[in-house]
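Participant: sequence plus predicted model, see below.
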Amino acid sequence: MPKHLRSISSAVLCCGLVVTLGACSGADLSTGSIAPYGAANSFYPYGFQDTAVAENQHRVTASGSGRASKARLEKIALTRAAEIGVDKKKPYFKVGTVTHGVVCSKKTAATHKGRDSPENNRPTVTLDVTYSDTALDPEFRESKASLAEYKAAMDADTGSAEASQLDELKAQCGGV
C-alpha cells in the first residue's frame, strides 16, 4: 500500500475509534447536549423514536440524560412530530396525549469484557400524534411552519433540568 494511503487509512481509523469510544462511554460528542435532536438507538438511548400506530397516527418518544428538562424533551418530540408530517406530505398534525415518564436501569457489575454498566435513569416524553391533509379542528398545527419554529426553539435551548427534577428522577427509580 502506498505511504500516503496508509496515512489516510490510519487517520480514518483513529477518527472512527474516537467516535466509537465516545458513543460507548455515553458521551454526547455532537453538542454536549443533555438531550440531542437525533434518533435514539440501543447504543445511545438519548433522542427520539417514533412508531406508526396507524396510517395517519404516530407515537413519538424522546428521552435524555437525567439532566434533560421536560421542556427540552417536549421540544425534541414536537420537532420530530412536525418532521414526520413534512416527510409524509401531511400538511397538518395534532398532538393528542402527552405522557411524561422515566426509564430506570441499575448499575451492573463488570461483564465478561470487564466494564461496569453505569446507572442510566432517564426522563421520557411520549406524544400521540395524528396527521391530516386538512386542519380538522383548531388544535391542528401546520407541519412545515411548526418544524421551522421547533428547530429554532431547540437551537436556542441551552437549559437543563433543575436539581428538583434530578431528585424526582432518583425517587421514581427507587434511589437507583
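Facilitator: Thanks, I have it. Predicted, not measured: the structure shown is a model, and the values here were computed from it.

Participant: what residues go with each domain of this structure?
Facilitator: 1-30, 34-172 (automatic domain parsing).

Participant: now do the longest one, average pLDDT.
Facilitator: Summarised as a single mean, pLDDT over domain 34-172 is 87.

Participant: wait, doesn't residue 36 sit right on residue 45?
Facilitator: No - with contact defined as Cβ atoms under 8 Å, residue 36 does not count as touching residue 45 (11.4 Å). The way it works is simple: take the backbone N, C-alpha and C, and place the C-beta from them, glycine included.

Participant: the more surrounded of the two?
Facilitator: Using other Cβ atoms under 10 Å as the criterion, residue 36 and residue 45 rank with residue 36 on top: 22 against 17.

Participant: just checking, the more buried one is part of a strand?
Facilitator: No - assigned with DSSP: H, G, I helix; E, B strand; the rest coil, residue 36 falls outside any strand and is coil.

Participant: what packs against the helix or strand where residue 73 lies?
Facilitator: Residue 73 belongs to helix 70-87 when assigned by DSSP states H and E. The helices and strands touching helix 70-87, judged by 3 or more Cβ pairs under 8 Å, 6 or more residues apart in numbering; DSSP states H and E, are strand 47-54, strand 57-63, strand 92-103, strand 122-132, helix 143-156.

Participant: got the end-to-end distance for stretch 35-49?
Facilitator: One end of stretch 35-49 to the other measures 13 Å (Cα to Cα, to the nearest Å).

Participant: how many other residues sit next to the nearest residue to residue 97 once chain neighbours are set aside?
Facilitator: Distance criterion Cβ to Cβ, 6 or more residues apart in numbering; nearest residue to residue 97, sequence neighbours excluded, is residue 128 at 4.4 Å. Burial of residue 128 is recorded as 16 neighbouring residues (other Cβ under 10 Å).

Participant: just residue 87 next, same as before
Facilitator: 10.

Participant: rewinding a little: the helix holding residue 73 relative to strand 92-103, how many degrees between them?
Facilitator: 140 degrees (axes from the mean of the first three to the mean of the last three Cα atoms, to 10 degrees).
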